[in-house]
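# when you get a sec, could you give me coordinates for this:
(chains A and B)
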Amino acid sequence: MKTKLVRWNGVVLALAVGLLSATARGESDVETLKRQFEELKANFDRTVAEQRKIIETLQQRVDQLQAQTPPAVQTAAPAATPQPVSEAETTLQKPWSPSDPIRVGKGSAYMDIGVVATFVAGSSTADDIKSLELGGHDPNQRGFTVQGVELNLRGAVDPYFTANVNTLFQIDSDGETVTELEEAWVQTMSLPYNLTVRGGQFFTEFGRINTQHLHSWGFVDVPLVNGRFLGPDGLRNPGAQLSWLAPTPFYSEIFFSVQNSQGETAYSFRGDSHGHDDEEESGVPFTYRHADNDRGVSTLGDMLYTVHLATSFDLTDNQVLLLGASAAFGPNNNGESGDTCTQIYGVDMTWKWKSPNAHGGFPFVAWQTEAMLRRYDAGAFDWTEVADEGETPIVDENTGDPAVLSRETLTDYGFYTQLLWGFRKGWVAGMRLDYVTGKEGDYEKMNLSYDGSELGRDPARNERWRLSPNLTWYPSEFSKIRLQYNYDDRRDIGCDHSVWLQFEFLLGAHAAHKF
Amino acid sequence: METNMNVCAKLDAVNQGAGSSKFQSPTSREIPNLKPQWKCGAKGGVRRFMFGVSLVLGVWCLALSTAHAKINVVCTTPDIASIARVVGGDRMDLTTMARPTEDPHFVDAKPSFIVKLNRADALIHGGAELESGWLPKLVEQARNAQIISAAKGDVRCCEGVRMLEVPTNLDRSKGDIHSQGNPHFLVDPENAKVVAQHIADAFSKLDEKGAEYFQANANKFVAELNAKLAQWQQTLEPYRGAQIVAYHNSWPYFAQRFGLKIELFLEPKPGIPPSPAHLADVIAKMKQNGARVIIVDPYLNKKTAQTVARATGATVVDVTQFPGGVKGTEGGYIAMMDYLVNAIAKGLGDNK
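Now for the predicted structure:
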C-alpha cells in the first residue's frame, strides 16, 4: 500500500511541477513542455496500468477464493475489458464436506492418480489358451478375461525425487483375484553428469515392449518372443538402475541395471515359473528338468545384470528412428547343480512417421521390430532321484530307466515385427508377425517319454509363428476398443484361430507417454 | 522481422547454423575428408584417423566454449517461439518442438527433444496443460535441473494471464477439458504482451548482461502490438457481436478481445470428433443465429467444415494459432494476428 501511495504522490507532484514550469516559462519552450508532457503521460499511464494490474490481481484472488480453482496460474492480469463469465465460473462452489466424493485431478494434488482397466472377450480353436497365449495378462480362457485393472500413483516426492507406483489387479481363470506390484520406484530428478538413478521394483530396460504397460501395447497380447524369453509378466524385479544421457548430438542413452535374479518375474533366470502352466500343461517341465538349482545370493554373480543402449535420429521433420540394443546376464536355476547362466541379447527398432498436419496424433505409421537371442545353460539332472521320491519320472526309452540329462547350452531366438497405421483420427489398423524357435537340444534328441507318452521337441522351445491383424478404435484418448485375429501355427501341435475383442477405459490422471 | 519465410524452416536453419553447430557441423565437416584414408587401412591411415578424431574433438570443444555466450532456449509451440524470438534476438539459440501445422495437444515425444532439453537454459511452455500429454516425460528424461518445475529456466507463459473457462469441476464426460482453463490464450494480443514481458524477465535472469537488450526488445514488441491492436480492433469493430463457428473450442480469448461470438463448435465436446447428429444441430443453429463463417485450424478436418458450409452457405476460413500454420503467417506473431484479423474480417464482410 505504501509504495502505491508514494507512486501516486510522485505522479501528482510531477504533474504540478510540470504545470508550474509551463506557466513560468511561457510559450517559448513548447518542445520541452511537449516532451515533459509525454513523459508525464507515459508515467501516468504506466502507473494506472500497474494499479489496474494490482486491482485485477486482487479481484482475481477474490474470484479464486470464491471459485476455489487451482491457484497456480492466476497471479496478475493486464486484461482491460470485462471478462465474459463462463458456465463453469458461474457454478457456485460450496465448500467440500465429508459426504462429497473426493476429486483428485492432475496438478491439484500431491500425486496423480489414475486407473486403467483392460478386459478382453473372445474365443479360440485352441483348448490350451494358456499355452497359446504366453503373457500373464493375455486372454486366459474362452469368454471374458480381466487382463488387468491397474492403479497408478505418481508424483514428485520432494525436490530431489519422483516416484511411481503401479499395482495391478487381475482375475485368473479360476476366478481368483490376483494382485501384483508391477512397479514401485523412486528416481532422481537432476543428478550431475546427465545421470539418473532409479531404485525399487521396476520393469527392466530391455528392448521396447518390456518397459511398457499393458495399455500402451498395440496388440491384445504380448509378442511370443517377449513371453518366451522375458517371461509372462515381463522382466521386472527389485533392483537399481543407472542411466546416462550421452553428450552426443543425437539422442543416445545407456541404461545399466542390477536386479534380483530370482522369482517369477525373472523368468529365464532363477524364476520359478518353469513349472507353471505356460507352455507345458502336460506337466513336463521346461527343458525336461526341474529347477532345483537354487543357489541363493552369495556373490555378485548371483544378481541379474542388464544393459540397454538406445539411440534415436530424426530422419526428417516427420520421421523418427529409434534403435536399441540390450543384453541381460544372470544365473538360472535349471537342473540340480553347477553354475548355470542365461544370456539374452536383443535388438530393437522403431520407426514412426506422423503427418505434419496431425490431428490428435493422426494419421501416423509406426513400425516396430524386436529380435532376441537366448543362450540358456540347462543343468545336469538325474530323474532317478525324482523317481526315488515317488514322483513319475521322465524315462529314457533306450534304457527303460529314469532319464539322466547332462549339462548343455541351449540357443533360442525369435522376433516380432509390427506395423501400426493410424489412418484417421481415433482409428488404427495393425499387423504383427511373431516367430520364435530353438535349436534342438541334446535332450530333445534322446528317446524320452513321460507317463507313457513320447516326448519330442520341448514345447516351450519349439518353433512357432503367429500372424495378428487388428483394428483399434479410440473413442477418445481415455477409452479404446480393439478387435484382433490371431493365426497361430505351432510345430507338432498345429494351427489355431482366435478372435479377441479388447476394451479399455482410463480414469483419472494419465501420464504422458514416452516415444 | 523476417518475411516470406517459413518460421519453422528458419528456426531449423538457425539451429543448424548456430545452435547445434557445436555438435553437428564439425563432424559433418571432418568425416568426409577422413573416409577415404580410413578405407585404405594402412598404419598412416589409422594415424590420420586419430588425428582427425582429435581435430573433431578439438573443434567440438572450441565450438562448445564459443557457443556458450548465447542462451539456449526451447519453446514448446511456435506462437511462444515467435515471441521468444523477438525478445531474445541474437542473444539466444531457439528450438521449437511442435510444428505450426500440427495439433499441439499431441506432439510426439521424440527422443531428439530430450537432447535439446538436456542442453537448454530455458524451457518456455504454455504451462496450462496444453502440452501435458507429451512434455512432462521429456522433461523428466532430460535431467536438467535448470528447467525442471519451478527452476530458473522453467518459464510458464500462463503466469500472469487471466485464464478463461477454468472448470470448477473436472469431469471428462464434458470432453477433454483442462483443469487450469482454456490453454489457447496467446491469440489475445494483450496476453502476448504479458508473455513477452515474462520472457524478457526470464531471459534477463539467465543473461544479466542482456537484460537491457531483452527489455528493449520486449518494449518494442509491446509498442508495436499496441499500435496494431488498435488497428485490429478497428478492422473488426463493424462485426462486433458477429457469430463465428469454430471446429475446436480454442478461440475464447480471441472472441473476447475482438467482441466476436465464437460459441458454436463442430466438435460436440472438446477433443470429441463431430457426429452427424451434432453437425445437423450445428447447421440448424447456424441458420438460426446467422453465423456465416467457419474457422478451421490446419490440423483439423476441413472437409467436415466444408460440408457444414455448403449446407448453410457459410464460408470456411483457414486460421491458425501458430505463425507458419497458414500461408501468410510465417512472419511471426504480429504477421499471424494480422492475417487472422484480416481473414476473419474478410470472411464476415463477404457474407454480410
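# can we go C-alpha only for contacts and neighbour counts from here?
Noted.
# C-alpha coordinates for the helix or strand in which B:Arg310 is found, CSV please?
In the assignment (DSSP states H and E), B:Arg310 maps to helix B:302-312. Extracted as CSV, the C-alpha positions of helix B:302-312 are listed here (Å, rounded to 0.1, in the frame of the first residue of the first chain):
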residue,chain,number,x,y,z
LYS,B,302,-11.5,-29.2,-43.3
LYS,B,303,-13.9,-31.4,-45.2
THR,B,304,-16.3,-31.5,-42.2
ALA,B,305,-16.3,-27.7,-42.1
GLN,B,306,-16.9,-27.5,-45.9
THR,B,307,-19.9,-29.9,-45.6
VAL,B,308,-21.4,-27.6,-43.0
ALA,B,309,-20.5,-24.6,-45.0
ARG,B,310,-22.3,-26.0,-48.1
ALA,B,311,-25.4,-26.7,-46.0
THR,B,312,-25.5,-23.2,-44.6
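# next helix or strand past that helix?
Using DSSP H and E, the next helix or strand after helix B:302-312 towards the C-terminus is strand B:315-318.
# which strands or helices does that next one pack on?
Helices and strands touching strand B:315-318, by 3 or more C-alpha pairs under 8 Å, 6 or more residues apart in numbering or on different chains; DSSP states H and E, are strand B:293-296, helix B:302-312, helix B:333-350.
# tell me which other helices or strands the helix holding B:Arg310 touches.
Packing partners of helix B:302-312 (3+ C-alpha pairs under 8 Å, 6+ apart): helix B:276-289, strand B:293-296, strand B:315-318.
# now that helix: buried residues?
Going by neighbour count (16 or more other C-alpha atoms under 10 Å in any protein chain shown), the buried part of helix B:302-312 is B:302, B:305-306, B:308-309, B:312.
# ramachandran angles for the residue positioned nearest the centre of chain A?
Nearest residue to the geometric centre of chain A (C-alpha atoms, centre = their mean): A:Gln212, 3.0 Å. Per-residue torsions, A:Gln212: phi -90, psi 150 (degrees, to the nearest 10).
# pull the contacting residues for it.
With C-alpha atoms under 8 Å, 6 or more residues apart in numbering or on different chains as the criterion, no residue contacts A:Gln212.
# close to chain A: what parts of the stretch 251-352 of chain B are there?
Counting by C-alpha under 8 Å from any C-alpha of the partner chain, the stretch 251-352 of chain B comes close to chain A at B:256-257, B:271-272, B:298-300.
# so for the residue nearest to the centre of chain A, what's the pLDDT?
You'll see A:Gln212 listed with a pLDDT of 93.
# now swap in A:Asp496 and tell me
Confidence at A:Asp496, expressed as pLDDT, is 97.
# ok, B:Gly41 next?
40.
# how about the one 10 residues further on?
What the model reports for B:Phe51 is a pLDDT of 68.
# same thing with A:Ala358?
Looking at A:Ala358, its pLDDT is 92.
# and it, its phi and psi?
Torsion angles at A:Ala358 (phi, psi; degrees, to the nearest 10) stand at phi -60, psi 140.
# from A:Thr32, how far off is the residue nearest to the centre of chain A?
Separation of A:Gln212 from A:Thr32 (C-alpha to C-alpha, to the nearest Å): 72 Å.
# farthest-apart pair in the residues of the stretch 251-352 of chain B next to chain A, please.
Using C-alpha to C-alpha, the pair of these lying farthest apart is B:Arg257 and B:Ile272, separated by 26.5 Å.
# export the helices and strands packed on strand B:315-318 to a markdown table and tack on distance to A:Cys341 and mean pLDDT?
Compiled in a markdown table, those are given as follows (distance: least, C-alpha to C-alpha, whole Å; pLDDT from 0 to 100):
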| stretch | distance to A:Cys341 | mean pLDDT |
| --- | --- | --- |
| strand B:293-296 | 61 | 96 |
| helix B:302-312 | 59 | 94 |
| helix B:333-350 | 62 | 95 |
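# quick one: low-confidence parts of the stretch 401-515 of chain A?
Within the stretch 401-515 of chain A, not a single segment meets pLDDT under 70.
# name all residues that make contact with A:Phe329.
For A:Phe329, the contact set (C-alpha under 8 Å, 6+ apart) comprises A:304-306, A:341-344.
# next one: the host helix or strand of it to chain centre, how far?
Element membership for A:Phe329, per DSSP H and E: strand A:319-331. Relative to its parent chain, strand A:319-331 has a centroid offset of 15 Å by C-alpha atoms, centre = their mean, to the nearest Å.
# what lines up beside it in the sheet?
strand A:303-314 (antiparallel), strand A:341-359 (antiparallel) (DSSP bridges).
# leaving out the residues flanking it, which one is nearest to A:Gln368?
Of all residues not flanking A:Gln368 in the chain, A:Thr350 sits nearest, at 4.3 Å (C-alpha to C-alpha, 6 or more residues apart in numbering or on different chains).
# how about B:Gly241?
B:Leu260 (4.8 Å).
# what's the answer for A:Ala117, then?
Spatial nearest neighbour of A:Ala117, excluding adjacent residues (C-alpha to C-alpha, 6+ apart): A:Val149 at 4.1 Å.
# cool, and A:Thr340?
Nearest-residue entry for A:Thr340: A:Asp377, 5.0 Å, with adjacent residues in sequence omitted and distances by C-alpha to C-alpha, 6+ apart.
# and the pLDDT at the one you found?
pLDDT at A:Asp377 comes out at 95.
# what's the neighbour count on it?
When neighbours are counted by other C-alpha atoms under 10 Å in any protein chain shown, A:Asp377 registers 22.
# same question for A:Arg424.
By other C-alpha under 10 Å, the residues close to A:Arg424 number 16.
# distance of it from A:Tyr474?
Counting by C-alpha to C-alpha, the gap from A:Arg424 to A:Tyr474 is 11 Å.
# could you do B:Asp207 as well?
B:Asp207 is 46 Å from A:Tyr474, by C-alpha to C-alpha.
# contacts only, for A:Gly148.
Contacts of A:Gly148 (C-alpha under 8 Å, 6+ apart): A:116-119, A:137, A:168-171, A:214.
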